[in-house]
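>>> I'll drop the sequence and a predicted model, then ask my questions.
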Amino acid sequence: MTTNREYGKNRRSKPRLIPTIGLYSVIALIFLFIIGLVMSRSLAEIGSMAEESRDVLLPSILDRQRTAINLERMGRFAEIVYRTETPRVRRQYKLAARILSQDSIFEKDMTINRQVVDAYHDVETMARILDNQDEIIARCNTILLGFMPGSDNSAELLKMPNGKEMISLLFLSDKATNLTTLEEFKVRFVQLTKESKTTTTRKNQALDDAYTLFSLLQERLTTKHTTQKLWTRINNSLEGLSANLSVNAASTADTIFTSIVDEANTSMRHSILAAASLFGALLVMLFFTQRDIVTPIMNYVHGLDRIAQGDRDLDLTEARLKEMDNIRTAVERSATLMTQLASRTQEMQEVNRALEIEVAQRKKAQSELADEKERAESADRAKSEFLAGMSHEIRTPMNTMLGMGDLILDTNPTPIQRKYIEIFQSSGEMLMAIINDVLDLSKIEAGEVKLEHVQFNLEEFLIRMRKIVGDRAEQKGLDFFIDVGPGVPTQIKGDPTRLRQVLVNLIDNGVKFTEKGEVRLTIQPTSPDSPDRITFAVIDTGIGIAPQAQQQIFHRFTQADSSTTRKYGGTGLGLAISRRLVELMGGDIHLESTLGQGSAFYFTLKFDLVEAPVEQAVATANSKEDHATYLSRVPTNILVAEDSESNQALIELYFKKTACRLDFASDGSEAVEYYKRSPYDLVLMDIQMPVIDGYEATRIIRDYEKEQGKTPVPIVAVTANAFKEDRDKCIEAGCTGYLPKPVSKAGLLECVATHVSVPGMEGRRDD
């Protein structure tokens, strides 16, 4: 390889790459310059013709077009003067025609100016004749009024033998359209006049009026013929001028644009010829580029491929250009370096294989951990799905059972029947409480309970609390008190739902384990300086709890002892759930109890304080009357989406004594079709249904309302899915409210009455 390279250097001096490329570039620039000159010359000529068109031709065409437009306007003004029957309009357009005839555009051509002035004189003459004609018509109408039935002239002519025909001839003459017809009517009138032998002064006066009418009618037809001739002459003159101007403008434009097109075609031919010459030169340069640059580079690329395949003995062809030959030398040196790298690469590969084995082992361990995590998450999801399914499958029949119990109580049963029904309902409610406790504990242990942070009124909160637990204490013969200490804020922010759940659990326990005495709920601030920290205490006078059992009762499924379970029942979940909820809200629950004297449960929570708003009493449709009474006098259309036939029958019985009209849909798709066909005031939407579930059906209805521009109808989710996440999902889907199963009659009627009594609903129902 060295011998060949030295021989090449000694044989001749090689040209360099940059000068060679420069030479090719100069040749290409020369051809481009020639093409540019040809194109510039053609474009300059086209530009000159375009400027001439812009500066001379275009203004001329525009003047002609403007003149033509003014002539057309002049013709329209003349036509209005000719055809209008209103003197005021005639004077306005005659003045407009006079102003237009003095437009400066007409003065550029004396012939046109003269014809326009003549046309205006004809318009003026026509207007004057028409004004005179209006006076003639007015006089004719006045005379004809004198021959109307009941007038003096009519009475005089009727005394003549042919009086009726003479009067008829006068009115026919008023409608004559030509002089010949008018003359025939006049001759006949004269003949009839001569047949009358008697003459009186009043009759002569009537005949004079008739002859005057014939003269005026003859003059009216004469002036009408004259104005028609004037209008024809004006119209023909102006239309001829306008047409000639338009034709001349089009002819001139066609001539100049044809010249521009011819020059553009010539420029195109020159450009094509120059481009062909440039293409030939480029082909020549491409040949030399292929020979001196591209071919050597391809040889070197093939040489590099041979090196990559392991061939280290290269003998490349000598290049014509110096830089290309330097590349050849570099490729040959690369072959030597690649030989050295090959041995080192082999060593690195052995090290990499060892690392790959270690990495594979680590990946396997990570994969096993991921599988374990996935199995755990899958088990958690299965548990959640099982609990949700259990909730739905139990709550759905329980809804029917408890609802039927409510309905049976409304039928005035016998005392013994009422006792059996109340036992039945109490057992059902106890079962629902156990289900709720199991579900709540499961959600808490899974870490899926999310706290709300909303504003609520503590005073109203306690009133509702009394309604929930007060009846239970009263049924057992116990006193129930709520004591609110001084300094307790009214408006606070927190989770009222979870706070109510804790308090209900504690108070229910107090009622359950107290045979006589009282259960008391006290609320007071922790200290005067910290009104945002509130301490709640539930105190009873019940059986008390032994010291050794006071810690374990907060564990799940645990009570004080087995005898307690046998005597009072329960699952041992209420206190466990309460403790977990209090801890989630940032507090700690503790117990003080004396066996045989009673117990006291305490916990303290921190709330955000809110400035109390000014209360305003808002009267609703059912604030002063029972919900059932309200619904019995307010016709309401309700769509019920429920797949359970027993629940359909129960809901129908709930509304039996109301004015509500119910339509039942057995699945979500049917509910959507019902809604599109009929207007409804409220939709009760079950969530778990075949074909389309309640979530999707609600979304489809809301989209339909937006497309049709309708006011959204309240949609209340009535479902056995009892978790807060299910309620949030219902609201997110577009539901207005949420009603968990089992649903009591009072609760359902209150929900419906609340939604249909919203201001503005009555007007919508009328629609």
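Nice, thanks for sending it over.

>>> tell me the mean pLDDT over the host helix or strand of residue 115?
Assigned by DSSP states H and E, residue 115 belongs to helix 110-145. Here helix 110-145 scores 83 as its mean pLDDT.

>>> equivalent analysis for stretch 301-320, please.
On average, the pLDDT along stretch 301-320 is 69.

>>> swap in stretch 22-41?
In the prediction, stretch 22-41 has an average pLDDT of 77.

>>> output that stretch as CSV - backbone C-alpha positions only.
Only the C-alpha atoms of stretch 22-41 are listed here, as CSV (Å, rounded to 0.1, in the frame of the first residue of the first chain):
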residue,chain,number,x,y,z
GLY,A,22,-15.5,26.2,-6.7
LEU,A,23,-15.0,25.8,-10.5
TYR,A,24,-18.3,23.8,-10.7
SER,A,25,-20.0,26.5,-8.7
VAL,A,26,-18.8,29.3,-11.0
ILE,A,27,-20.1,27.5,-14.0
ALA,A,28,-23.5,27.0,-12.4
LEU,A,29,-23.6,30.7,-11.3
ILE,A,30,-22.8,31.9,-14.9
PHE,A,31,-25.8,29.9,-16.2
LEU,A,32,-28.0,31.2,-13.4
PHE,A,33,-26.9,34.8,-14.2
ILE,A,34,-27.9,34.3,-17.9
ILE,A,35,-31.2,32.9,-17.0
GLY,A,36,-31.7,35.8,-14.5
LEU,A,37,-31.0,38.4,-17.2
VAL,A,38,-33.6,36.8,-19.6
MET,A,39,-36.2,36.6,-16.9
SER,A,40,-35.5,40.1,-15.7
ARG,A,41,-36.0,41.5,-19.2
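
>>> residues contacting that stretch, please?
Contacts to stretch 22-41, defined as Cβ atoms under 8 Å, 6 or more residues apart in numbering, come from residues 267, 270-271, 274-275, 277-278, 281-282, 285, 288-289. C-beta: built from backbone N, CA, C; applies to glycine.

>>> try it again with 7 Å
For stretch 22-41, the surrounding residues in contact (Cβ atoms under 7 Å, 6 or more residues apart in numbering) are 267, 270-271, 274-275, 277-278, 281, 285.

>>> can you flag the buried ones in those residues?
Among these, the ones that count as buried by 16 or more other Cβ atoms under 10 Å are 267, 270, 274, 278, 281, 285.

>>> list the ones among those residues that fall in helices.
If you go by DSSP state H, those have 267, 270, 274, 278, 281, 285 in helices.

>>> from these, which is closest to residue 653?
The closest of those to residue 653 turns out to be residue 267 (Cβ to Cβ; 94.4 Å).

>>> so how far is residue 272 from the closest residue to the closest one other than its chain neighbours?
Distance criterion Cβ to Cβ, 6 or more residues apart in numbering; nearest residue to residue 267, sequence neighbours excluded, is residue 42 at 2.9 Å. Counting by Cβ to Cβ, to the nearest Å, the separation of residue 42 from residue 272 is 12 Å.

>>> ok, those two, which is more surrounded?
A direct count of neighbours by other Cβ atoms under 10 Å for residue 42 and residue 272 places residue 42 higher, at 19 against 10.

>>> which parts of stretch 584-596 are buried?
So for stretch 584-596, counting by 16+ other Cβ under 10 Å, buried means 585, 587, 589, 593.

>>> repeat that for stretch 100-116.
Neighbour counts using 16+ other Cβ under 10 Å place 100-101, 105-106, 109, 112-113, 115-116 of stretch 100-116 among the buried residues.

>>> gap between stretch 131-138 and the chain center?
Once both centres are worked out by Cα atoms, centre = their mean, to the nearest Å, stretch 131-138 turns out to sit 66 Å from its chain's centre.

>>> can you list contacts of it?
So stretch 131-138 is contacted by 87, 216, 219-220, 223-224 (Cβ under 7 Å, 6+ apart).

>>> to what extent is residue 34 buried, counted in neighbours?
Counted with other Cβ under 10 Å, the neighbours of residue 34 add up to 13.

>>> list the buried ones in the host helix or strand of it?
Residue 34 is part of helix 17-52 when elements are defined by DSSP H and E. Buried residues in helix 17-52, counting neighbours by 16+ other Cβ under 10 Å, are found at 17, 20, 24, 31, 35, 38, 42, 45-46, 49-50.

>>> so what's the gap between stretch 156-164 and the chain middle?
For stretch 156-164, the distance to the chain centre is 83 Å (Cα atoms, centre = their mean).

>>> let me fix that: stretch 671-691
Its chain's C-alpha centre and that of stretch 671-691 lie 23 Å apart, by Cα atoms, centre = their mean.

>>> mind checking the end-to-end distance for that stretch?
By Cα to Cα, to the nearest Å, the extent of stretch 671-691 from end to end equals 11 Å.

>>> could I get the average pLDDT for it?
Mean pLDDT, stretch 671-691: 93.

>>> okay, buried residues for that stretch please.
Neighbour-count burial for stretch 671-691, with 16+ other Cβ under 10 Å as criterion, is recorded at 671-672, 674-675, 680-689.

>>> residue 730 is in contact with residue 717, isn't it?
Yes - with contact defined as Cβ atoms under 7 Å, residue 730 and residue 717 form a contacting pair (4.0 Å).

>>> so what sits against both of those two?
With Cβ under 7 Å, 6+ apart, residue 730 and residue 717 have common neighbours 687, 738.

>>> before we move on, the earlier item: who does the helix or strand just after the helix holding residue 115 touch, helix- and strand-wise?
Counting by DSSP H and E, the next helix or strand C-terminal to helix 110-145 is helix 152-158. Applying 3 or more Cβ pairs under 7 Å, 6 or more residues apart in numbering; DSSP states H and E, one finds that helix 152-158 contacts helix 163-174, helix 201-289.

>>> could I get the ones you listed as CSV with mean pLDDT and distance to residue 141?
Converted to CSV, those look like this (pLDDT from 0 to 100; distance: least, Cβ to Cβ, whole Å):
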stretch, mean pLDDT, distance to residue 141
helix 163-174, 83, 8
helix 201-289, 78, 10
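
>>> if you compare the ones you listed, which one is most tucked away?
helix 163-174 (a mean of 18; mean count of other Cβ atoms under 10 Å).

>>> would you say residue 526 is within a strand?
Yes - when classified by DSSP: H, G, I helix; E, B strand; the rest coil, residue 526 is found to be part of a strand.

>>> check contacts around it.
533, 535, 604.

>>> just the buried ones from the residues you listed, in ChimeraX syntax?
Filtering the contacts of residue 526 down to the buried ones (16+ other Cβ under 10 Å) takes a single ChimeraX command:
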select :535,604
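
>>> need the contacts of residue 526 in CSV with pLDDT, secondary structure and distance to residue 146, can you?
Conversion of the contacts of residue 526 to CSV gives the following (pLDDT from 0 to 100; DSSP: H, G, I helix; E, B strand; the rest coil; distance: Cβ to Cβ, whole Å):
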residue, pLDDT, secondary structure, distance to residue 146
533, 91, strand, 110
535, 94, strand, 112
604, 93, strand, 113
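
>>> okay, the buried residues of stretch 100-116 in CSV with distance to residue 64 next?
CSV is the format used below for these (distance: Cβ to Cβ, whole Å):
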residue, distance to residue 64
100, 17
101, 18
105, 9
106, 12
109, 9
112, 10
113, 14
115, 15
116, 14
